[in-house]
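S.K.: Just the structure for this:
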Amino acid sequence: MQVLSSEQLDYLVALRHELHQSPEVSGEEAHTAERIVAELTKLGADRLWRGLGGYGVAAEFAGRENGPTVLLRCELDGLPIREISDLPYKSTIPDKGHLCGHDGHMVSMLGVATRLATRPQKGRVILLFQPAEETGAGAQAVIDDPRWPEIRPDFAFAYHNVPGRPLGEVGLREGPGNCASRGMQILLEGKSSHAAAPEDGLSPGPAMAALMTRLPDLSFGTIGDEAFSLATLTHACLGEPTFGIAPADGELRVTLRSMTNERMDTLMQEALHRVEKYTQGLAVDILWHDVFRAVVNDVEATGIARNAVRALGQKCLEMPSPMRWSEDFGRFGDDGAKAALLYLGAGESHPQLHNPDYDFPDALIPVAVDLFCQILRGILSPETQ
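M.R.: Here you go, the predicted model:
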């Protein structure tokens with residue numbers, strides 16, 4: 001697998017800027033998927049799967065001999081956030097932007113595809129361009145696709161860029177790497193009344209007031225503790241904006257977060273118990289959204305990544321605690337792959353993920369390409385080490 005030429009890198013940067021201008025949010029990635037298919041076809045993929053779990057795309061690059069399957073995953077979707085920047089390639093889609101760096105992740109994997117013109121000695125490489133990562137729904141949808149058994153990997157790797165860390169630094173962590181999280185939507189229904197006679201109705205207001213303090217009280221400990229939990233109130237709505245009606249309806253939204261999947265199970269039960277305690281007499285409906293499993297990095301896969309970092313002489317950070325934010329990649333480990341998510345520094349003063357002025361640093365593209373090609377060499381062409 002040869003080094004990227006300056007012309008190839010220039011092309012990847014231009015392609016990222018093109019993708020950046022046309023973001024598509026989770027479940028709507030049709031144009032982005034078609035653009036990726038065109039690139040993978042041009043790069044000579046041996047086989048393509050389209051429409052995986054929605055608009056997902058996978059490409060196979062087969063080695064010369066039988067061997068393990070290594071999946072490298074990136075994400076197709078952008079965010080429903082308005083981009084605020086003066087970039088010449090800023091988003092042209094109102095209120096949508098690639099403000100998490102998935103455009104950079106995609107071109108990094110296309111850079112790997114460029115270098116796979118020289119096939120590995122054995123096994124095969126699967127490049128997966130996953131849909132709907134931001135909602136936590138895409139990975140499971142891909143795994144539930146009836147064609148997934150044709151793809152199912154022995155190893156799975158991915159990366160996320162991390163603002164606030166030195167550019168190109170590689171963060172690694174065995175075990176829990178990203179928190180589990182889920183959105184809890186609580187819908188309350190009572191009985192409306194004239195504002196002059198609130199006693200003749202049943203307002204959800206007192207229950208909401210109690211839950212707005214008692215649910216965040218479920219937060220406990222600090223990240224890195226197995227008992228860590230975080231409950232964040234994100235939305236509240238009571239009745240209509242009037243003065244003559246004592247309200248009948250209310251809604252709360254809370255994000256629950258934990259370091260492990262097991263802790264999430266107990267945190268959910270604790271949250272449900274508090275809702276039951278404070279909503280007596282009201283009709284209650286609870287819906288769950290954006291369900292992310294914890295990312296748990298496999299020891300062997302993390303060791304392979306560590307060897308790759310050392311072979312390249314890149315700066316490595318052994319992370320003392322997981323990331324608070326969630327990532328849909330955990331599902332591939334749940335499915336049986338030896339999986340590891342890597343955390344690549346995007347710059348110490350870089351805008352934070354999901355900020356309206358965030359932009360993926362182009363200088364990270366060759367770092368990611370080199371790293372993932374070295375991982376592939378370590379598994380599929382070990383004699384070239």
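S.K.: can you list the domains in the protein?
M.R.: Recorded structural domains for the chain (assignment: automatic domain parsing) are 6-178+294-384, 180-292.
S.K.: May I have the distance across the last one, first residue to last?
M.R.: It refers to domain 180-292. Taking Cα to Cα, to the nearest Å, domain 180-292 runs 5 Å from one end to the other.
S.K.: All the strands of the stretch 51-200 of the chain, in order from the start?
M.R.: 56-62, 65-75, 122-130, 155-162, 170-172, 175-178, 180-189, 193-194 (DSSP state E, counting those that start in this stretch).
S.K.: returning to what we had before: make CSV out of the domains of the chain and add mean pLDDT.
M.R.: Shown next, in CSV, are the domains of the chain (pLDDT from 0 to 100):
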stretch, mean pLDDT
domain 6-178+294-384, 97
domain 180-292, 97
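S.K.: of all the strands of the stretch 51-200 of the chain, which lies closest to residue 248?
M.R.: Closest to residue 248 of the strands of the stretch 51-200 of the chain, according to Cβ to Cβ: strand 180-189, at 6.3 Å. Where C-beta positions appear, they are placed from N, C-alpha and C, glycine not excepted.
S.K.: Would you mind pulling up the elements that that closest one packs against?
M.R.: For strand 180-189, the packing partners by 3 or more Cβ pairs under 8 Å, 6 or more residues apart in numbering; DSSP states H and E come out as helix 205-214, strand 249-258, helix 261-278, strand 283-292.
S.K.: Could you identify which of those is most buried?
M.R.: Comparing these by mean neighbour count (mean count of other Cβ atoms under 10 Å), strand 249-258 ranks first with a mean of 21.
S.K.: Just the CA atoms of that strand, as PDB, please.
M.R.: Taking Å, rounded to 0.1, in the frame of the first residue of the first chain, the C-alpha atoms of strand 249-258 are listed here in PDB:
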ATOM      1  CA  ASP A 249     -50.400  18.600  28.700                       C
ATOM      2  CA  GLY A 250     -46.700  18.700  29.400                       C
ATOM      3  CA  GLU A 251     -43.500  17.200  28.000                       C
ATOM      4  CA  LEU A 252     -40.000  16.700  29.400                       C
ATOM      5  CA  ARG A 253     -36.900  15.400  27.600                       C
ATOM      6  CA  VAL A 254     -33.900  14.100  29.500                       C
ATOM      7  CA  THR A 255     -30.700  12.500  28.200                       C
ATOM      8  CA  LEU A 256     -29.400   9.700  30.300                       C
ATOM      9  CA  ARG A 257     -25.700   8.800  30.100                       C
ATOM     10  CA  SER A 258     -23.600   6.100  31.700                       C
END
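S.K.: so of the domains of the chain, which one's packed in deepest?
M.R.: Compared across the domains of the chain, domain 6-178+294-384 shows the largest average neighbour count, a mean of 20 (mean count of other Cβ under 10 Å).
S.K.: in the sheet, who's paired with residue 128?
M.R.: Judged by DSSP bridges, the bridge partners of residue 128 are residue 58, residue 73.
S.K.: picking up where we left off before, how about the strands of the stretch 51-200 of the chain, which one is nearest residue 93?
M.R.: From the strands of the stretch 51-200 of the chain, taking Cβ to Cβ, the stretch that ends up closest is strand 65-75, at 16.9 Å.
S.K.: Spatially central residue in this protein, please.
M.R.: residue 327 (3.4 Å; Cα atoms, centre = their mean).
S.K.: separation between that one and residue 167?
M.R.: Using Cβ to Cβ, to the nearest Å, we find residue 327 at a distance of 20 Å from residue 167.
S.K.: Please apply the same query to residue 161.
M.R.: 9 Å.
S.K.: Touching both of the two, which residues are there?
M.R.: Both residue 161 and residue 167 are in contact with 345-346, 361, 364, where contact means Cβ atoms under 8 Å, 6 or more residues apart in numbering.
S.K.: Which ones among these map onto strands?
M.R.: Using DSSP state E, the subset of those located in strands is residue 345.
S.K.: So which of the strands of the stretch 51-200 of the chain is nearest residue 269?
M.R.: Closest of the strands of the stretch 51-200 of the chain to residue 269 is strand 180-189, at 11.9 Å (criterion: Cβ to Cβ).
S.K.: Please name the strands paired to the closest one in the sheet, noting orientation.
M.R.: Partners of strand 180-189 in its sheet, by DSSP bridges: strand 249-258 (antiparallel), strand 283-292 (antiparallel).
S.K.: Toward the C-terminus from the last one, list the very next helix or strand.
M.R.: Beyond strand 283-292 in the direction of the C-terminus, DSSP states H and E gives the next helix or strand as strand 295-297.
S.K.: which helices and strands does that following strand pack with?
M.R.: strand 175-178, helix 330-334, strand 338-345.
S.K.: mind running it again at 10 Å?
M.R.: strand 155-162, strand 175-178, helix 330-334, strand 338-345 (3 or more Cβ pairs under 10 Å, 6 or more residues apart in numbering; DSSP states H and E).
S.K.: Let me know the angle separating the first one from strand 338-345.
M.R.: Translated: strand 155-162. On the basis of axes from the mean of the first three to the mean of the last three Cα atoms, to 10 degrees, strand 155-162 is oriented at 20 degrees to strand 338-345.
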